[in-house]
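> How does the following fold in three dimensions:
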Amino acid sequence: MLKTVPIPRIKPRALQPGDTIGIVAPASNIKREMLESGCEALRRLGYKPFYLDSILQKDLYFAGSAERRARELDEMFMRDEIRAIICARGGYGANYLLDTINLEKIKAHPKIFVGYSDITTLLTYILDSTGLVTFHGPMVAKDFAHSDGVDLGSWEAALTGASAWVLNFDSESGAKPLLAGSAEGILYGGCLSMLVASLGTPYEIHTTGTILFIEDVAAKPYQIDRMLMQLKLAGKFAGVRGIVFGEMLDCSQNSNKKDQDYTLEEVVLRVIGDLGVPVAYGLRSGHVSRRNVTLPFGVRATLNVDKNEGSLRILESATTPAVVSSRASKP
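I've put the predicted structure just below:
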């Protein structure tokens, strides 16, 4: 197992207009047209997207061999001109990289690393083992490839060094209160399926002292129940200080939601309602219908939830030096 002794946090350099963004495919293969569409969106935002030609390779359902994918990730961290690394997509396959990526290179060349879904495996592993702050947020051949796919306010606040900013629980963030309370902790988490898959491995997640973010897509309510129970039985909720659920897109028993006489919120509360921590539900980060919110993992945050409203307040910059974005919501 990874060491449980706290590791000093490493913050990557803030992203600025004109910076070069390296694009990687650590998991499933990608379509060129979606990749190019996402790259064009990055150019419109003032960045210079860069990727290796090998990114389009295929090996079964993977973006090439595990060796190619690990080498690509290592190279992007090593290249001086690359200021941030964004995954093209998730899918499946990041777990093949866990015992091959060079953690010493990553630690010596800290950079912004962004992704979600299957990339959760890398986000949590890199954070837990090196201390590098990672980012749960939009991907190039997914969210950037679609209009209205990226929440630019949180993107800029998280990546450009806002010293403190807030996500209010409203229609813009998609979040709503479930259980009232207030808590402070380290923001951490990702895709529920990947969090559960880490259990019993050397890459097991470390949730003590966290505001735990949990999201997934197209999982039936009983499957969500089973995975949450597995985390609970494994003791992973014991030291959690607060929980924020994602949009949980298409997580219903069948396509006709009218045939389901219970809500996913009820399912969630059955499992975690006795933890005595604040809980919010619906924050659009990860698998979402629109405007994917960027969340920095590894920084201090406060979760405030009352009966009718709430907020997730990021208490420190996730990058350095701190350059406050005009789009960031002031606390």
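
> I'd assumed residue 22 was in a strand, is it?
Yes. Assessed by DSSP: H, G, I helix; E, B strand; the rest coil, residue 22 belongs to a strand.

> my read: it touches residue 85, true?
Yes. Using C-beta atoms under 8 Å, residue 22 makes contact with residue 85 at a distance of 4.7 Å. Just so you know, the C-beta spots here come from the backbone N, C-alpha and C atoms, and that holds for glycine as well.

> list residues touching both of the two?
Listed as contacting both residue 22 and residue 85 by C-beta atoms under 8 Å, 6 or more residues apart in numbering are residue 76.

> Can you tell me, leaving aside adjacent residues, what's nearest to the residue nearest the centre of the chain?
Per C-alpha atoms, centre = their mean, the C-alpha nearest to the average position across the chain is that of residue 136, at 2.0 Å. Spatial nearest neighbour of residue 136, chain neighbours left out: residue 295 (4.5 Å); criterion: C-beta to C-beta, 6 or more residues apart in numbering.

> next one: residue 178
residue 279 (4.2 Å).

> Tell me who's in contact with the one you found.
Residue 279 sits next to 177, 178, 179, 242, 243, 244, 245, 268, 269, 272, 305 when contact means C-beta under 8 Å, 6+ apart.

> Just the ones in helices from the residues you listed, please.
Residues of those located in helices (DSSP state H): 268, 269, 272.

> Show me the one in the contacts of residue 279 that has more neighbours than the rest.
Most neighbours among the contacts of residue 279, by other C-beta atoms under 10 Å: residue 244, with 29 neighbours.

> And the pLDDT at it?
With respect to pLDDT, residue 244 scores 98.

> you'd agree it is up against residue 277?
No. Contact criterion C-beta under 8 Å: residue 244 and residue 277 do not qualify, at 10.6 Å.

> Tell me which residues of stretch 13-33 come out buried.
Along stretch 13-33, these residues count as buried under the neighbour rule (16 or more other C-beta atoms under 10 Å): 13-15, 19, 21-30.

> average pLDDT across it?
Rounded mean pLDDT across stretch 13-33 is 97.

> Distance across that stretch, terminal residue to terminal residue?
30 Å (C-alpha to C-alpha, to the nearest Å).

> check which helix or strand covers residue 280.
For residue 280, the enclosing helix or strand under DSSP states H and E is strand 279-283.

> What pairs with that strand, parallel or antiparallel?
Strand 279-283 has the following strand partners under DSSP bridges: strand 176-179 (antiparallel), strand 242-246 (parallel).

> Ok, which of those comes nearest residue 299?
Proximity to residue 299 (C-beta to C-beta) singles out strand 242-246 among the strands paired with strand 279-283, at 14.1 Å.

> Give me the three-state assignment for residue 193.
helix.

> Touching, it and residue 219? I think so.
Yes. With contact defined as C-beta under 8 Å, residue 193 counts as touching residue 219 (7.1 Å).

> Check the contact lists of the two and give me the overlap.
In contact with both residue 193 and residue 219: residue 227, using C-beta under 8 Å, 6+ apart.

> So the two - more neighbours on which side?
Just comparing residue 193 and residue 219: by other C-beta under 10 Å the higher neighbour count belongs to residue 219, 21 against 17.

> Distance of that one relative to residue 172?
Using C-beta to C-beta, to the nearest Å, residue 219 is found at 25 Å from residue 172.

> Residue 22 now?
Distance from residue 22 to residue 172, by C-beta to C-beta: 30 Å.

> For residue 194, see how far away the residue nearest to residue 65 when sequence neighbours are not counted is.
Counting by C-beta to C-beta, 6+ apart, the nearest residue to residue 65 once its immediate chain neighbours are dropped is residue 59, at 5.3 Å. Counting by C-beta to C-beta, the gap from residue 59 to residue 194 is 21 Å.

> Noted, bye for now.
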